[in-house]
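Peer 1: Sequence and predicted structure, then a few things I'm wondering about:
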Amino acid sequence: MLRGFSHGNLEDISPDLGLDVPSGQMRRSLPRADLSRIVRHDHIVQEVIVKNTMALSVPQSLLHGSSRSRSPSLCLPRGLPNSADLGEALEPGPRAEPRVVMSSQGRSLQRSTTHSSAAAARELKPFATADIKILLLENVNTAGQDILRQQGYQVEALKSSLPEAELIEKIQDVHVIGIRSKTQLTKKVIDSAPNLLVIGCFCIGTNQVDLKHAAQKGVAVFNSPFSNSRSVAEQVISEIIALARQICDRSMELHQGKWNKVSAGCWEVRGKTLGIVGYGHIGNQLSVLAEAMGMRVIFYDVVNLMSMGTAHQVSTLDELLQQADFVTLHVPELPETENMISTEQLNKMKDGSYLLNLSRGSIVDIQAVIDASRSGKLAGAAFDVYPNEPAANGDYFNNSLNQWTDALNSCKNFILTPHIGGSTEEAQRAIGVEVADALVQYVNYGTTLGACNMPEVNLRSLTADEPNHVRMVYIHQNVPGVLRRVNEILGDHNVDKQMTDSRGDVAYLMADISNVNQQQIKDIYVALEELSSRIRTRVLY
Ligand SMILES: NC(=O)C1=CN([C@@H]2O[C@H](COP(=O)(O)OP(=O)(O)OC[C@H]3O[C@@H](n4cnc5c(N)ncnc54)[C@H](O)[C@@H]3O)[C@@H](O)[C@H]2O)C=CC1
Ligand SMILES: O=C(O)C(=O)COP(=O)(O)O
């Protein structure tokens, strides 16, 4: 477990770090831009200071957490070393050359913090974790909430999403926000959250977050890339059969007292062709399940992919549309996928075929589908997602939400579900655990494995026999010369290990430095903050 601070008011931090810095001096030493940035973050640090001054005789400016999987045998005594421990008793040891560990790539790395084989991983008492404020929206599963609460974080969990104005109000003092597919984290919302460290999307899609802007503000974003894929695939399978047999219409009729036993236009799915658009996690699962039912599977994807079973990839969307009896969409929301299925594409589909959309509402022109149903071109359709979806459960699915709602409701053999593709107990629990774990790893250790908008960086844990090591996290603009300047600052110390990687405009550096006292930590922090490339500096120890 590491604890840390980021963006504190240095005048407030300095006494805790054992410094004797006149306030004017400290302010003068910082460029104006940096000062305004620091002032925005003042209140968190002050809050921590007030609480800790009253409750604990420990450095007061540090925010920290603990590992969820803390083993009692690894726990160190509660409380932090005091400033004498950090500042005097421990002089820096002999310098060693910095050892640079370049990033390994991709998701193949485990997200959990790797441990040294030689010594027990360092897991310290969570201190002031109650100052980490977390806002969870959209009914995040309790398994995820529990993980965050067990850290001691302050967790507020709401069942619904929030409209922009309320969100802006609420997000101002939040360090971590957890959302699902509804909550829009736009540039404006992110800019209203000066303390925000990290966003957790407790779902697959991340189209609701301005990922690039978040990265540029030093805010990492995590999601759960596949925990609900199977649930979506199973729903699609159930709907393919239900559409082929017109089961939902028959059921609705019978609910209204009407016995209507028909076989015309009802089919087995065996031997029919399923066309999957987007052969990713969901498309793959679906492919296997559909073949098990005797369907022929073809798929279209922008990437050349290995087929599951005997499925085969076609080279154009048109080819798929012309061959498939059932077309199902599993692409992400992107500018290129907007209205990917409209009148032109529907006209290319087989007469009497079916369309399913469980991806995102923007991908299908729903009015065109209504027209294709009325003309008899389509024999049925299933929708789980819509351009506008309500923020909460209730009687909101009407024409004021989407202007064609009444027309859609009147279409024959249409299955309409309220975005429940990933809504199973299994999926929600797995997502809750996965994303909450990633948030804890990021807040406590700075680990970005699995991040959607930042380079993936991890270092093995600090160990119990490295009590005076500090972990610096420096998120910065990916511009030439930064590493030289950073290493000029760190190079006066013993850099035990260091890892750096970049993604687009943003780079992420993590370095563990040994035998540093509080003054040195503060000096490093100030020096890094003063670099013009700085996006965010965090100190964890
Ligand atoms: N209804 C629901 O509750 C849920 C909906 N979803 C939606 O389903 C989408 C797909 O999920 P996954 O399969 O996990 O995503 P994925 O990222 O594993 O797969 C998406 C596939 O689409 C392909 N693709 C991208 N652009 C394309 C294009 N223009 N044409 C053809 N193929 C293209 C990609 O190459 C990739 O293979 C998510 O982005 C999300 O929006 C996901 C989970 C639950
Ligand atoms: O995982 C996704 O992308 C989904 O669309 C599911 O969203 P939800 O968690 O149900 O809001």
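Peer 2: Arrived safely, thanks for sending. Residues are numbered from 1 along each chain as shown. Ligands and ions are numbered 1, 2, ... in the order given.
Peer 1: tell me the strands in the stretch 301-450 of the chain, going along the chain?
Peer 2: 312-313, 326-329, 353-357, 378-383, 414-416 (DSSP state E, counting those that start in this stretch).
Peer 1: Show me the one of those that comes nearest S227.
Peer 2: strand 326-329 (20.0 Å; C-beta to C-beta). Where C-beta positions appear, they are placed from N, C-alpha and C, glycine not excepted.
Peer 1: Name every strand pairing with that closest one and say which way it goes.
Peer 2: Partner strands and pairing direction for strand 326-329 (DSSP bridges) are strand 273-277 (parallel), strand 353-357 (parallel).
Peer 1: Is ligand 2 within reach of it?
Peer 2: No: Strand 326-329 stays clear of ligand 2 (C-beta under 6 Å from any ligand atom), getting no nearer than 12.5 Å.
Peer 1: Export that strand to CSV, keeping only CA atoms.
Peer 2: The C-alpha atoms that make up strand 326-329 are tabulated as CSV, following Å, rounded to 0.1, in the frame of the first residue of the first chain:
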residue,chain,number,x,y,z
PHE,A,326,-29.8,-12.1,-39.3
VAL,A,327,-27.6,-9.1,-39.1
THR,A,328,-26.3,-8.3,-35.6
LEU,A,329,-24.2,-5.2,-34.8
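Peer 1: hmm, it touching ligand 1?
Peer 2: No: under the criterion of C-beta under 6 Å from any ligand atom, strand 326-329 makes no contact with ligand 1; the nearest approach is 8.2 Å.
Peer 1: Tell me how far the residue most central in space within the chain lies from R180.
Peer 2: Geometric centre of the chain, nearest residue: F222, 2.2 Å, by C-alpha atoms, centre = their mean. As judged by C-beta to C-beta, to the nearest Å, F222 and R180 stand 13 Å apart.
Peer 1: Which neighbours do the two have in common?
Peer 2: Taking C-beta atoms under 8 Å, 6 or more residues apart in numbering as the contact rule, the neighbours common to F222 and R180 are C201.
Peer 1: now the residue in the stretch 1-150 of the chain that ligand 2 sits nearest to, nearest residue through space, not along the chain?
Peer 2: Ligand 2 sits closest to E138 of the stretch 1-150 of the chain, with a gap of 6.0 Å, by C-beta to the nearest ligand atom. Of all residues not flanking E138 in the chain, R180 sits nearest, at 3.9 Å (C-beta to C-beta, 6 or more residues apart in numbering).
Peer 1: For the one you found, give me its contacts.
Peer 2: So, once contact is read as C-beta under 8 Å, 6+ apart, R180 ends up touching L137, E138, N139, V140, S161, C201, F202, C203.
Peer 1: interface residues of the stretch 251-400 of the chain facing ligand 1?
Peer 2: Residues of the stretch 251-400 of the chain lying near ligand 1 by C-beta under 6 Å from any ligand atom: 277-283, 300-303, 330-334, 336-337, 358-360, 384-385.
Peer 1: what's the answer for the stretch 101-250 of the chain, then?
Peer 2: With C-beta under 6 Å from any ligand atom as the criterion, the stretch 101-250 of the chain meets ligand 1 at residues I204, G205, F226, N228, S229, V232.
Peer 1: Give me the number of neighbouring residues for the nearest residue to Q345 once chain neighbours are set aside.
Peer 2: Nearest non-adjacent residue to Q345, counting by C-beta to C-beta, 6+ apart: L321, 5.8 Å away. Counted by other C-beta atoms under 10 Å, the residues lying close to L321 total 23.
Peer 1: I'd like to know how far L321 sits from S342.
Peer 2: Taken as C-beta to C-beta, the span from L321 to S342 is 12 Å.
Peer 1: Also W259?
Peer 2: Counting by C-beta to C-beta, the gap from W259 to S342 is 38 Å.
Peer 1: before we move on, the earlier item: wait, isn't the residue of the stretch 1-150 of the chain closest to ligand 2 in contact with S161?
Peer 2: Yes: look at E138 against S161 with C-beta atoms under 8 Å: they come within range, at 5.3 Å.
Peer 1: Find residues that contact each of those two.
Peer 2: Listed as contacting both E138 and S161 by C-beta under 8 Å, 6+ apart are I179, R180, K182, T183.
Peer 1: Around the last one, how many other residues sit close by?
Peer 2: Translated: T183. For T183, using other C-beta under 10 Å, the count is 25.
Peer 1: wait, it sits on L162?
Peer 2: Yes: at 6.9 Å, T183 counts as touching L162 under the criterion of C-beta under 8 Å.
Peer 1: Find residues that contact each of these two.
Peer 2: With C-beta under 8 Å, 6+ apart as the test, T183 and L162 both reach L137, A391.
Peer 1: Put together CSV for the shared contacts of E138 and S161, with secondary structure and pLDDT on each row.
Peer 2: CSV is the format used below for the shared contacts of E138 and S161 (DSSP: H, G, I helix; E, B strand; the rest coil; pLDDT from 0 to 100):
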residue, secondary structure, pLDDT
I179, strand, 98
R180, coil, 98
K182, coil, 96
T183, coil, 97
